[in-house]
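S.K.: fold the stuff below for me.
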Amino acid sequence: MGKGYDIVEKGVRDLRSKEVLKRPEFSMHRAAYKSMGYSDDDLSRPIIGIANSWNTIVPGHFNLRLVSEFVKRGIYRGGGTAVEFGVIAACDGVAQGHDGMHYILPSRELIANDVEVMAQAHRFDGLVLLGSCDKIVPGMLMAAARLDIPAIIVPGGPMSGGIEFDERKADLTSVSEALGMMSAGKISEEEYCNLEDVACPGCGSCAFFGTANTMCSLAEAFGMTLPGGALTPATYAERLRIAQESGIAICELVKKNISARKIINKASLENAIRVCMATGGSTNAALHLPAIAYEAGLSLDVLEMFDSLSRTTPQIAKVNPASKWDMEAFFMAGGIPRVMEKLGDLINRDALTCTGHTVAENLANYRYHYPEDKRVIRDLSDPFNATGGLAVLHGNLAPDGAVCKPGAMDPSVWHFKGKAMVFDNEESADKAILDGKVGPGTVVVIRYEGPKGGPGMREMYNAMKYLYGRGLALSTALVTDGRFSGTNNGCFVGHISPEAAEGGPLAIVKDGDEITIDVEKRELTLHVSDEEIKRRLAQWKRPEPKIKTGYLALYSKLASSASQGAIFKF
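M.R.: Predicted structure coming up:
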């Protein structure tokens, strides 16, 4: 020993970790650390927790073990000591189309709770949160906001696109679309099977602007990643440099006592929503941002913010699934820094970020490696759409709101009227579509798939992909209390609130009822009289829960409405 009991005290008396590493009363804790090789010098530094969601199941997380090693380098260079722990991460792609999807949105709450438990039990001074995919990044942002300690997000980056298919580089969703094409006789079984081998050439978050890349982008817009941190591809050396710089940055945040809520606030929330609108981000952002705001202690109607900001934020970036450009093309066109720069005064430029500097300062100092590409990111004066890529609809079918994605809809279906074909679960709708029972002019209604009714609010991913593959994307619509993948395109409305299982009007829709979707008027209308709706609701009986044991039973009891972010309400 020989260094005295005060070695951990010098200049760091206010660090959380020193509450449990102070001599002599906490020498037992120090002994536990020393059993793993930590030294007195290590324990005198700020203790930085690395929440690593690496595994060998999720492509977007496969590279995070290497990314973590570079984060550790940065932490040591910055004057900290890294301690690493694992966090669960489930793959939306692998969970699609079966019972596994029930667990995906509920995993977000587990992730937030997991990070909270580890950070609080061990009194970390700061957190580096390693995650890339759909529910992992939101869960980590929720944890950071809840804990309100210094924190930074480090994504693993998107994968590259695959072989050319259907007029774009192939990706995971190409395989789903191809199944619809094969069932319609548009491609052969051999072509379909070959696509499986060449759609995803390497690891990373999926190559399209789905929920994973949307949430990484919004983490950057919040100021919770380093500039350029969201979309630098997984296989680029720059990804590892960002990881190392993030390790240095977290130590600076600890030294300056810049905690998460000094970054996640109303101003940065507005920035995140603006960026979501400007890029045509995933509809799932309308679930995750309310949840993050709630954890940050912000008493805001976030869905109303989506509605109002969508009307004043042009869509200036258009990428897959709204166009053929993948994430690598988006990154090379300038990514999120270019989008925020182009948005100009629509962005709160004085908002503080994890660099310790403001958005304005970050943008002024950001170095672009590639030239502009206005096929991907346009100027504010020449947008792809005059309003944002997402829209919030209301009406007698969605009294508390619903969400659609005009940025991924052909303008010809921004106003759609059709007759309902009703299904009480996703699987029956999928079968009807593949069997050719759904024709033009149909509004496919899938209900009892909300947070409580599902339970878990599954994505109606396959149904939309099958409609696309069968050539029905411009002649049908789909409405649901479930949600959608960020990769879905076509005429769809999700997150209908209240959900059917809670007695929302969706529960009493019948086959043949007329439904109108009007994006420009922000309306979702069931053409049934108020009196008839009341009569049907009076006769409606709440169905028995689909799952009565395990975590999903607990989730079904605690989950709030989609309009509130499907957060736990105790």
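S.K.: what ranges do the strands span in the chain?
M.R.: 47-52, 81-86, 126-130, 151-154, 164-165, 168-169, 391-395, 398-404, 415-423, 442-446, 477-480, 492-497, 514-518, 523-526 (DSSP state E).
S.K.: state the distance from the nearest residue to residue 261 once chain neighbours are set aside to residue 218.
M.R.: Using CB to CB, 6 or more residues apart in numbering and skipping the chain neighbours, the partner closest in space to residue 261 is residue 148 (4.6 Å). (Each C-beta comes from the backbone N, C-alpha and C, glycine too.) With the distance defined as CB to CB, to the nearest Å, residue 148 ends up 19 Å from residue 218.
S.K.: over to residue 569?
M.R.: Remark: distance between residue 569 and residue 218 (CB to CB) = 23 Å.
S.K.: more neighbours, the two?
M.R.: A direct count of neighbours by other CB atoms under 10 Å for residue 569 and residue 218 places residue 218 higher, at 30 against 11.
S.K.: next up, the contacts around that one.
M.R.: 272, 275-276, 281, 285, 288-289 (CB atoms under 8 Å, 6 or more residues apart in numbering).
S.K.: farthest-separated two in the residues you listed?
M.R.: Maximum pairwise distance in those, criterion CB to CB, is 13.4 Å, between 275 and 288.
S.K.: any idea how far residue 140 lies from residue 402?
M.R.: 27 Å.
S.K.: in helices, which of the contacts of residue 218 appear?
M.R.: Among the contacts of residue 218, the members found in helices (DSSP state H) are 272, 275-276, 285, 288-289.
S.K.: reformat the residues you listed into a markdown table and put pLDDT and distance to residue 539 next to each item.
M.R.: Formatted as a markdown table, the ones in helices among the contacts of residue 218 follow (pLDDT from 0 to 100; distance: CB to CB, whole Å):
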| residue | pLDDT | distance to residue 539 |
| --- | --- | --- |
| 272 | 99 | 43 |
| 275 | 99 | 45 |
| 276 | 98 | 40 |
| 285 | 97 | 37 |
| 288 | 98 | 36 |
| 289 | 98 | 37 |
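S.K.: let me know the closest of these to residue 34.
M.R.: residue 288 (40.2 Å).
S.K.: can you map out the helices along the stretch 451-570 of the chain?
M.R.: 461-469, 530-539, 550-558 (DSSP state H, counting those that start in this stretch).
S.K.: for the last one, the distance to its chain's centre please.
M.R.: Same thing as helix 550-558. 22 Å (CA atoms, centre = their mean, to the nearest Å).
S.K.: touching that helix from outside, list them.
M.R.: 102-103, 106, 109-110, 451-456, 545, 547, 568-570.
S.K.: highest neighbour count among those residues?
M.R.: Most surrounded of the contacts of helix 550-558: other CB under 10 Å gives residue 451, at 30 neighbours.
S.K.: hmm, it is touching residue 566, no?
M.R.: Yes. In this structure residue 451 lies within contact range of residue 566 using CB atoms under 8 Å: 4.2 Å.
S.K.: who touches both of these two?
M.R.: Counting by CB under 8 Å, 6+ apart, the residues touching both residue 451 and residue 566 are 105, 457, 559-560.
S.K.: which ones are touching the closest residue to residue 528 other than its chain neighbours?
M.R.: In space, and not counting its chain neighbours, residue 528 is closest to residue 513: 5.9 Å by CB to CB, 6+ apart. Neighbouring residues of residue 513 by CB under 8 Å, 6+ apart: 419-420, 526-528.
S.K.: closest to residue 366 among the residues you listed?
M.R.: Closest to residue 366 out of the contacts of residue 513 is residue 526 (48.0 Å), distances taken as CB to CB.
S.K.: and the gap between that closest one and residue 516?
M.R.: 8 Å.
S.K.: between the two, which one's more packed in?
M.R.: Just comparing residue 526 and residue 516: by other CB under 10 Å the higher neighbour count belongs to residue 526, 24 against 18.
S.K.: and that one, what does it touch?
M.R.: Residue 526 neighbours (CB under 8 Å, 6+ apart): 395-397, 505, 509, 513-515, 533.
S.K.: please repeat the previous calculation with a cut-off of 7 Å.
M.R.: The contact partners of residue 526, taken as CB atoms under 7 Å, 6 or more residues apart in numbering, are 396-397, 505, 509, 513, 515.
S.K.: now these in a markdown table, with distance to residue 468?
M.R.: Output for the contacts of residue 526, formatted as a markdown table (distance: CB to CB, whole Å):
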| residue | distance to residue 468 |
| --- | --- |
| 396 | 29 |
| 397 | 23 |
| 505 | 27 |
| 509 | 23 |
| 513 | 24 |
| 515 | 20 |
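S.K.: with just CA atoms, put stretch 283-302 into CSV.
M.R.: Extracted C-alpha coordinates of stretch 283-302, given in CSV (Å, rounded to 0.1, in the frame of the first residue of the first chain):
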residue,chain,number,x,y,z
THR,A,283,-42.5,6.4,-36.6
ASN,A,284,-41.1,4.6,-33.6
ALA,A,285,-39.5,7.9,-32.6
ALA,A,286,-43.0,9.0,-31.6
LEU,A,287,-42.8,6.3,-28.9
HIS,A,288,-39.3,6.7,-27.8
LEU,A,289,-39.0,10.5,-27.5
PRO,A,290,-42.0,10.8,-25.1
ALA,A,291,-40.4,8.1,-23.0
ILE,A,292,-37.0,9.9,-22.9
ALA,A,293,-38.7,13.2,-22.1
TYR,A,294,-40.6,11.6,-19.2
GLU,A,295,-37.4,10.2,-17.8
ALA,A,296,-35.8,13.6,-18.1
GLY,A,297,-38.5,15.1,-15.9
LEU,A,298,-40.0,17.1,-18.8
SER,A,299,-43.7,17.7,-18.4
LEU,A,300,-44.4,18.1,-22.1
ASP,A,301,-47.0,16.8,-24.6
VAL,A,302,-44.4,15.3,-26.9
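S.K.: off-centre distance for that stretch?
M.R.: That offset, for stretch 283-302, works out to 12 Å (CA atoms, centre = their mean).
S.K.: ok, now stretch 240-258?
M.R.: 23 Å.
S.K.: same question for it, mean pLDDT?
M.R.: Average pLDDT, stretch 240-258: 98.
S.K.: quick one: buried residues of it?
M.R.: Neighbour-count burial for stretch 240-258, counted by 16 or more other CB atoms under 10 Å, picks out 240, 242-255, 258.
S.K.: residues near the closest residue to residue 187 other than its chain neighbours, how many?
M.R.: Closest residue to residue 187 apart from its sequence neighbours, by CB to CB, 6+ apart: residue 181 at 4.8 Å. Number of residues near residue 181 (other CB under 10 Å) recorded here: 22.
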